[in-house]
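# let's see this in three dimensions:
(one chain, ligands or ions: 2)
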Amino acid sequence: MQDYPLVLVRNLYKEHSDASLKDGTKVLVEGWVRSNRDSGHIGFVSLNDGTCFKCLQLVYDETIASYEVARHLSTGEAIRATGVLKLTPEAAQPFELRIEEIESIGKVEGDYPLQKKFHSLEFLRELPYLRPRTNTFSALYRLRSELAYAIHSFFHERGFVYVHTPEITTNDAEGAGQTFKVATSGKDAFKEFYGREVTLTVSGQLHVEPFALAYRNVYTFGPTFRAEKSNTPRHASEFWMIEPEMAFCDLKGDMKIIESLIKYCIAYVFEHCPEEMEFFSTRIDKGLKEKLEKVLQSEFKVLTYTQAIDLLKEAVKSGVKFDEPHIEWGMDLASEHERYITEKVVGGPTFLIDYPKEIKAFYMKENPDGKTVAACDLLVPGEGEIVGGSQREDDYEVLAKKMEAQGNKEGLEWYLNLRKWGGCPHSGFGLGFDRFLGYISGVTNIRDTEPYPRTYGSIKY
Ligand code: 4AD
Ligand code: MG
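Ligands and ions are numbered 1, 2, ... in the order given. Okay, the predicted model is just below:
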């Protein structure tokens, strides 16, 4: 094979867009065949090298020595090729590679499950180790990577300190009893290693709050685990969460940051993943881009929980059918109720605030009415809740009483101490990363937005 410099397809498109790509450049490429069309004397390979969403068209003809190799390349095969770049401004693709030599690096056996045809998301879900090779998933997981980077860059630009909170913990932060116990594979299991029972974390919040009271603005971003027996498109037992925590910040300030973060991320993926976003908007969720553009232009609606209950009662009266039609103040809203509010009533992202204290976690700040807490959930069309946040209870006495009543004071004395040693009003939230990706891409099943989903009753390798 000729000794031409290796190029990445991503860089070819970059050079093309800044007009520095030269006709006649000799290059070597490596990648996988997406399709191969041989029409007698001439053939076309669509090559994806993984470095960008777009493919590179390779053109070969019967004059090259490796014509027989080229002709028999099949979908999925790993190849290496050399050739000369040709600018083709009048064609569908702006340039192509005229092949001089082509070599098969890794053949594909006849039982390869991916073919050059449409495969459903359900079919591909059975093949998590192969699906990143398809258009949809290659777009989705690159978007996932860019979105994670966007989140870090949002906080970094604003001086937030990134804190790594632990995965193994002694507390159930949300107090919902949905933890996974961690044990060694030894006989004495649970207490053997640490001398006490430990679990996988359901939230980094309690561990990140002390850092907010030292650095002012912090966040954690990592995997969290919940043994929730919910078999829905939005629940996984392992998911990633972004949890910022801000000192000297109340619920209003909290919601401001949530809204700016969501908008920043949308603008970021528009700028950095234009091909992927175009693909999702035309092939997965028609009009997705326009919908997200609209979100960028508008202000998020704020409703109180009490207003939401009234709206739901009216909806039932006017004939809207819910699986749970009995609406009363104090109930926990189901996903169908949340979606009705954000999709049918508002038609965009909606904050619900001031929830009854009985249905929210112990650490939320009690409002002066004595009945509700300063909490906010952000609901979005297609997903329902993607963010749960609140101002934290900073009154030592109130919090101590609540924790005693709930029976979680023991072991969390350190958390309570923060309220008597330089405490201040502070707030934070948790953004579910996998749901957020669903919202941004229009791929709304968490079994797809997570590369290796773990859901109730299902885990594949
Ligand atoms: O509302 P949650 O339970 O809030 C907390 O964990 C707080 N400690 C956050 C904080 O204030 N620091 O969860 C936050 C978000 C939800 O809005 C949802 O997007 C996501 O985490 N989430 C899940 N995502 C996928 N699968 C699950 N089982 C999820 N449970 C929560
Ligand atoms: Mg929640």
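
# chain center to stretch 52-66: distance?
Taking C-alpha atoms, centre = their mean, to the nearest Å, the mean C-alpha location of stretch 52-66 is offset from the chain mean by 35 Å.

# go on, stretch 119-139?
Per C-alpha atoms, centre = their mean, the centroid offset for stretch 119-139 relative to its chain is 16 Å.

# residue 243 - how many residues pack around it?
25 (other C-beta atoms under 10 Å). From N, CA and C alone the C-beta is placed, and that goes for glycine too.

# that one looks like it's in a strand, true?
Yes: assigned with DSSP: H, G, I helix; E, B strand; the rest coil, residue 243 falls within a strand.

# quick one: contacts for it?
165, 203-205, 208, 219-221, 428-431 (C-beta atoms under 8 Å, 6 or more residues apart in numbering).

# and of the residues you listed, the nearest to ligand 1?
In terms of C-beta to the nearest ligand atom, no member of those lies closer to ligand 1 than residue 430, at 2.6 Å.

# wait, residue 248 touches residue 423, no?
No: contact status for residue 248 versus residue 423: not in contact, 11.0 Å apart, counting by C-beta atoms under 8 Å.

# the more surrounded of the two?
Counted by other C-beta under 10 Å, residue 248 and residue 423 do not tie: residue 423 has more neighbours, with 18 against 12.

# before we move on, the earlier item: same list (the contacts of residue 243) but as TSV, adding pLDDT, secondary structure and distance to ligand 1.
Below are these laid out as TSV (pLDDT from 0 to 100; DSSP: H, G, I helix; E, B strand; the rest coil; distance: C-beta to the nearest ligand atom, whole Å):
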residue	pLDDT	secondary structure	distance to ligand 1
165	98	coil	10
203	98	coil	4
204	98	coil	7
205	98	helix	4
208	98	helix	7
219	98	strand	9
220	98	strand	8
221	98	strand	11
428	98	strand	5
429	98	strand	5
430	98	strand	3
431	98	strand	6
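
# state the pLDDT value of residue 187.
Per-residue pLDDT puts residue 187 at 66.

# hmm, I was thinking of residue 117
Looking at residue 117, the pLDDT reads 80.

# how about residue 110?
88.

# so how far is ligand 1 from it?
Distance of residue 110 to ligand 1, computed by C-beta to the nearest ligand atom, to the nearest Å: 39 Å.

# ditto for residue 10
Counting by C-beta to the nearest ligand atom - residue 10 and ligand 1 are separated by 31 Å.

# what residues of the host helix or strand of that residue count as buried?
If you go by DSSP states H and E, residue 10 is part of helix 9-17. Within helix 9-17, the residues that count as buried by 16 or more other C-beta atoms under 10 Å are 9, 12-13, 15.

# same check, this time on stretch 195-206
198-206.

# dump the C-alpha coordinates for that stretch into CSV.
C-alpha atoms of stretch 195-206 as CSV (Å, rounded to 0.1, in the frame of the first residue of the first chain):
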residue,chain,number,x,y,z
GLY,A,195,-17.9,-3.1,59.2
ARG,A,196,-21.3,-1.6,58.4
GLU,A,197,-23.9,-1.8,55.7
VAL,A,198,-23.3,0.3,52.6
THR,A,199,-25.2,1.0,49.4
LEU,A,200,-24.7,2.5,46.0
THR,A,201,-25.6,6.2,46.0
VAL,A,202,-29.0,7.4,44.8
SER,A,203,-27.7,11.0,44.7
GLY,A,204,-24.5,12.9,45.3
GLN,A,205,-26.4,15.8,46.9
LEU,A,206,-25.7,15.3,50.6
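
# what residues does this structure put near ligand 1?
173-174, 203, 205, 226, 228, 235-236, 239, 241, 243, 385-390, 428-430, 432, 434-435, 446 (C-beta under 6 Å from any ligand atom).

# what subset of those is buried?
173-174, 203, 205, 226, 235-236, 239, 241, 243, 385-390, 428-430, 432, 434-435, 446.

# can you show me the strands along the stretch 351-461 of the chain?
Taking DSSP state E, counting those that start in this stretch as the test, the strands found in the stretch 351-461 of the chain are 372-380, 384-391, 426-432, 454-455, 458-459.

# in terms of mean pLDDT, which of the ones you listed ranks lowest?
Among the strands of the stretch 351-461 of the chain, strand 458-459 carries the lowest mean pLDDT (a mean of 94).

# partners of that strand in the sheet?
strand 454-455 (antiparallel) (DSSP bridges).

# surely residue 64 is in a strand?
No: secondary structure of residue 64 (three-state DSSP): coil, not part of a strand.

# from residue 79, how far out is it?
The spacing between residue 64 and residue 79, counted by C-beta to C-beta, to the nearest Å, is 14 Å.

# between those two, which contacts overlap?
With C-beta under 8 Å, 6+ apart, residue 64 and residue 79 have common neighbours residue 102.

# tell me the predicted confidence for the residue at the greatest distance from the centre of the chain.
Within the chain, the residue lying farthest from the chain centre (C-alpha atoms, centre = their mean) is residue 63, at 48.2 Å. For residue 63, the pLDDT comes out at 96.

# angles on the backbone of it, please.
phi -80, psi -20 (degrees, to the nearest 10).

# over to residue 162?
Main-chain torsions, residue 162, degrees, to the nearest 10: phi -90, psi 120.

# now do residue 444
Taking degrees, to the nearest 10, you get phi -90, psi 0 for the backbone angles of residue 444.

# begin at 29, not 1, for the rest of this chat.
Okay, using 29 as the starting number, the last item reads as residue 472.

# what's the nearest residue to it if we skip its chain neighbours?
Among residues not flanking residue 472 along the chain, residue 466 sits closest, at 4.7 Å (C-beta to C-beta, 6 or more residues apart in numbering).

# what residues are up against that neighbour?
Counting by C-beta under 8 Å, 6+ apart, residue 466 has contacts 262, 410-411, 472-474, 476-477.

# mind redoing it with 7 Å?
By C-beta atoms under 7 Å, 6 or more residues apart in numbering, residue 466 lies in contact with 411, 472, 474, 477.

# repeat for residue 437
428, 431, 444.

# count the neighbours of the last one for me.
Spelled out, that is residue 444. 16.

# check the first one too.
Taking other C-beta under 10 Å as the neighbour definition, residue 428 ends up with a count of 16.

# next one: the second one
By the other C-beta under 10 Å criterion, the neighbourhood of residue 431 contains 20 residues.

# grab the nearest non-local neighbour of it.
That would be residue 437: by C-beta to C-beta, 6+ apart, it lies 4.0 Å from residue 431.

# just to revisit the earlier point, so which of the contacts of residue 466 wins on neighbours?
Counting neighbours by other C-beta under 10 Å, the top entry in those is residue 477, with 28 neighbours.
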